[in-house]
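K.L.:
Return atomic coordinates for the entry below.
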Amino acid sequence: MSDTITKLTYQTFQQSKIFFALAHKRISTQLRQFIYPNLKLNTKPLSAEIIQKMQQRIDKIIEKDLADGEKGIYPVNIIFDNLWADFFSYYPNILLDMPSIWKRIEQKKYQEFSPEIDTKDYPTYYLQNFHYQTDGYLSKMSANLYDLQVELLFNGTADAMRRRILAPLKMGLEKLFSGQNVEAIAPQKYEF
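P.N.:
Below is the predicted model of the structure:
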């Protein structure tokens, strides 16, 4: 009975993240078109077939994530580890930052940072606003927004996708420390 409750709870949790991310994208797109009607992003609508394949992949990731938790690859409670307090405290900042992002996109300003950020010790690669985010990821606020932005970008599945690496990593480490031939790990297929 508890496995069924865990599964239903996890599926509900994941679906709520997915629906929120999709609603965010829809609303933010409409806001952008209203505030910056001349800002045209080079995007194409997805076909129904592609959307269906994406949904199947998302369903598979969610199923594997729960299964790996139940198998002990990682504690099952980690799949529910989502700090809602952080989410609700940082999400308004994402909304408030969006007009600045759209303005930078329109003006093609991808190397703009707040004056209080000392950029002299960073390699050139870091001195850009990834996805035009305010301060790149070099300010405390932009670092705090990063995880939530990635969850929104990947429709609420980023955490589950990141955990896909843990099963093959654990398997490889177990073989490494058990004295088995490490090269024997490579030919094995692990489905992500």
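K.L.:
and the next element down the chain from the helix ranked longest in the chain?
P.N.:
The residue-count maximum for a helix in the chain (DSSP state H) belongs to helix 2-35. Downstream of helix 2-35, the first helix or strand assigned by DSSP states H and E is helix 48-71.
K.L.:
which residues are contacting that following helix?
P.N.:
With contact meaning CB atoms under 8 Å, 6 or more residues apart in numbering, helix 48-71 is reached by 3, 6-7, 10-11, 14, 18, 46, 74-79, 155, 157, 160-161, 163-164, 166-167, 191. To be clear about C-beta, it is placed using only N, CA and C from the backbone, and glycine gets the same treatment.
K.L.:
of the residues you listed, buried ones?
P.N.:
6, 10, 14, 18, 74, 76, 79, 155, 157, 160, 163-164, 167 (16 or more other CB atoms under 10 Å).
K.L.:
With distance to E174 and pLDDT added, can I get these in JSON lines?
P.N.:
Below are the buried ones among the contacts of helix 48-71 laid out as JSON lines (distance: CB to CB, whole Å; pLDDT from 0 to 100):
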{"residue": "T6", "distance to E174": "25", "pLDDT": "86"}
{"residue": "Y10", "distance to E174": "25", "pLDDT": "90"}
{"residue": "Q14", "distance to E174": "28", "pLDDT": "89"}
{"residue": "I18", "distance to E174": "33", "pLDDT": "91"}
{"residue": "Y74", "distance to E174": "14", "pLDDT": "90"}
{"residue": "V76", "distance to E174": "19", "pLDDT": "86"}
{"residue": "I79", "distance to E174": "21", "pLDDT": "86"}
{"residue": "N155", "distance to E174": "32", "pLDDT": "90"}
{"residue": "T157", "distance to E174": "27", "pLDDT": "91"}
{"residue": "A160", "distance to E174": "22", "pLDDT": "92"}
{"residue": "R163", "distance to E174": "17", "pLDDT": "93"}
{"residue": "R164", "distance to E174": "17", "pLDDT": "92"}
{"residue": "A167", "distance to E174": "11", "pLDDT": "90"}
